[in-house]
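**Student:** Quick one, what's the 3D model for this:
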Amino acid sequence: MSVTIYHNPSCGTSRNTLEMIRQSGVEPTVIEYLVTPPDRATVIKLIVDAGLTVRQALRQKDTPFDALALGDPDKSDDELLDAIVQHPILLNRPFVVTPLGTKLCRPSEVVLDILENPNIGPFTKEDGEVVIDAEGKRIV
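**Tutor:** From the prediction side, this is the model:
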């Protein structure tokens, strides 16, 4: 199964998502999107394929979101996309692409919905939150 993750290694959610992918038996293509930012067409495809609006794909925390006044409801999608392309940190993460779909994996366990093998065994996030218990049951 071909899996691509747009990853930020400084982000716990992204690290948890990557680990769940690996625990499923897949070594994904890892794109550190702050080092190798996706172009505008790729950003649009990720957002559309995930069923999101551009605004829903924006990250606010620890970004220039406020400084660029991106919360202004009059900002167009084109203006928001321009900002994402200029400041890749504004793209929320992690986006994961598999043959089963594309998702913004927040929370990280959303990735299980698009993995060929979602039965990854017990999994606990870095912060101690149990996602899948010892019996293999997904905790919601």
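**Student:** Which parts of the protein are helices?
**Tutor:** Per DSSP state H, the chain carries helices over the ranges 12-23, 40-49, 77-86.
**Student:** Let's have those in TSV, adding distance to residue 69, mean neighbour count and mean pLDDT.
**Tutor:** Backbone N, C-alpha and C define where each C-beta goes, glycine included. Putting the helices of the chain into TSV (distance: least, CB to CB, whole Å; neighbours: other CB atoms under 10 Å; pLDDT from 0 to 100) gives the following:
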stretch	distance to residue 69	mean neighbour count	mean pLDDT
helix 12-23	26	20	97
helix 40-49	20	16	98
helix 77-86	10	16	98
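**Student:** Quick check: which of those is nearest to residue 98?
**Tutor:** With CB to CB as the measure, helix 12-23 is the member of the helices of the chain nearest residue 98 (8.7 Å).
**Student:** Tell me the predicted confidence for the most centrally placed residue in the chain.
**Tutor:** With distances taken as CA atoms, centre = their mean, residue 94 lies nearest the centre of the chain, 1.9 Å away. On pLDDT, residue 94 comes in at 98.
**Student:** quick one: which of the helices of the chain is nearest residue 135?
**Tutor:** helix 12-23 (16.1 Å).
**Student:** any idea where the strands of the chain begin and end?
**Tutor:** 4-7, 29-32, 95-98, 101-104, 123-124, 130-132 (DSSP state E).
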